[in-house]
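**Student:** output the structure for:
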Amino acid sequence: MKQPVIVGVDGTPDSLHAAGWAADEARRRGAPLLLLHGHEPALLGDADRERQAAEHALHDALTQLREQHPDVEARAELVARPEAELLTERGREAGMIVLGSRRPGPVAGFLLGSVGLRVVSRTPCPVVMVRGGEAVRRPPRGAVVAGVPPEEDEATAVLDFAFETAAVNGVPLRAARAWALPTLFPNRTGVLGLSDRPDELDAEHRRKLVRLLKPWRRRYPDIAVTEHVERGFAADMLVNLAAGARLLVVGRSSTPGSRYVGHVVHATLHFANAPVAVVPTP
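**Tutor:** Numbers count the residues shown, from 1 in each chain. I've put the predicted structure just below:
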């Protein structure tokens, strides 16, 4: 049986929008869908009433999704545990976790200090952040954009998920890698100096990316793949490429216990105008 797509639902419009995205993705993957809500019993107030309200919101969300996606096997579960802790644990059995979020404001991004940051940094499966609103509804033929890390083992995890997603959605894939010019490097005479041949370096990075992609091209011959190599900062490049994309896929270190997800993940989650999948890498 396929691993489930799990979506965190709390009854807010943003979480319901994410649930719709998750249901569509579950349908394309032939996977079951689980609507999950972690409910923390209130220290003050009426705990029973709060639980009933949570149950009602979850039931309404499930009913709506079953009406909109009758071909998806969907169920809902309410668990008396903190949301981040629950989602992180269930990530061990999931194909992906999907969370909804608002578009960031001019000062702070939507993840800082939130459940989302803890889930993204700790969950052992890919976590997809979906923003609410018309501006981020998935384009009908938008490509999957993969930010390819420099290390091969990290790139493998990102490309596995990106190619699978492009395949089940029937869309092209764009593999993107940024490179920076070192201040000093050994030239042909063995002397450290400034580069006067950036075009050669760009071509070499492109050749490396083409070689790296060969196994996935053979495995997914029906996917139209393009390479994008750019001198500059990876975060800026990926935010720009995300415009019009169906999904942006980035990697993050899976160091046990670490909450650090890296500046590329932070930047894309804050500013990319597309759903962002964060894939744990070795």
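**Student:** helices or strands up against the host helix or strand of residue 217?
**Tutor:** If you go by DSSP states H and E, residue 217 is part of helix 198-219. In this structure, helix 198-219 makes packing contacts with helix 152-169, strand 173-179, strand 225-231, judged by 3 or more Cβ pairs under 8 Å, 6 or more residues apart in numbering; DSSP states H and E. Where you see a C-beta, it was placed from the backbone N, CA and C, and this is true even at glycine.
**Student:** need the winner for burial among those.
**Tutor:** Ranked by mean neighbour count under mean count of other Cβ atoms under 10 Å, those are led by strand 173-179, which reaches a mean of 22.
**Student:** now that strand and strand 225-231, what's the angle there?
**Tutor:** Compare the direction of strand 173-179 with that of strand 225-231 by axes from the mean of the first three to the mean of the last three Cα atoms, to 10 degrees and you get 20 degrees.
**Student:** what's next to stretch 197-204, contact-wise?
**Tutor:** With Cβ atoms under 8 Å, 6 or more residues apart in numbering as the contact definition, stretch 197-204 has outside contacts at 179, 181, 195, 229, 231.
**Student:** from the chain's centre, how far out does that stretch sit?
**Tutor:** The gap between the average C-alpha position of stretch 197-204 and the chain average comes to 31 Å, counting by Cα atoms, centre = their mean, to the nearest Å.
**Student:** next, the buried residues of that stretch.
**Tutor:** residue 201 (16 or more other Cβ atoms under 10 Å).
**Student:** stretch 7-22 too?
**Tutor:** By 16+ other Cβ under 10 Å, the buried positions in stretch 7-22 come out as 7-10, 14-22.
**Student:** in strands, which of these fall?
**Tutor:** 7-8 (DSSP state E).
**Student:** in TSV: the buried residues of stretch 7-22, plus distance to residue 50 and pLDDT.
**Tutor:** Below are the buried residues of stretch 7-22 laid out as TSV (distance: Cβ to Cβ, whole Å; pLDDT from 0 to 100):
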residue	distance to residue 50	pLDDT
7	21	97
8	17	94
9	16	92
10	12	85
14	20	86
15	17	89
16	19	91
17	23	91
18	22	92
19	21	94
20	25	94
21	27	94
22	25	96
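**Student:** can you put the helices and strands packed on helix 198-219 in TSV and add distance to residue 278 and mean pLDDT?
**Tutor:** Formatted as TSV, the entries for the helices and strands packed on helix 198-219 read as follows, by distance: least, Cβ to Cβ, whole Å; pLDDT from 0 to 100:
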stretch	distance to residue 278	mean pLDDT
helix 152-169	10	96
strand 173-179	16	97
strand 225-231	20	97
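**Student:** dump these to TSV, plus distance to residue 29.
**Tutor:** TSV is the format used below for those (distance: least, Cβ to Cβ, whole Å):
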stretch	distance to residue 29
helix 152-169	5
strand 173-179	16
strand 225-231	20
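**Student:** so which of these gets nearest residue 141?
**Tutor:** Minimum separation from residue 141 across the helices and strands packed on helix 198-219 (Cβ to Cβ) falls at helix 152-169, 9.3 Å.
**Student:** what packs against that closest one?
**Tutor:** helix 13-29, strand 144-147, strand 173-179, helix 198-219, strand 247-253, strand 276-281.
**Student:** mind putting these into JSON lines with distance to residue 125?
**Tutor:** Conversion of those to JSON lines gives the following (distance: least, Cβ to Cβ, whole Å):
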{"stretch": "helix 13-29", "distance to residue 125": "13"}
{"stretch": "strand 144-147", "distance to residue 125": "17"}
{"stretch": "strand 173-179", "distance to residue 125": "20"}
{"stretch": "helix 198-219", "distance to residue 125": "20"}
{"stretch": "strand 247-253", "distance to residue 125": "12"}
{"stretch": "strand 276-281", "distance to residue 125": "7"}
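**Student:** quick check: which of those is nearest to residue 90?
**Tutor:** Each of the helices and strands packed on helix 152-169 was scored for nearness to residue 90 using Cβ to Cβ, and the closest is helix 13-29 (13.4 Å).
**Student:** ok, the next helix or strand after the closest one: who's next to it in the sheet?
**Tutor:** Of the helices and strands lying after helix 13-29 in sequence (DSSP H and E), the nearest is strand 33-38. Strands adjacent to strand 33-38 in the sheet, as given by DSSP bridges, are strand 5-8 (parallel), strand 74-79 (parallel).
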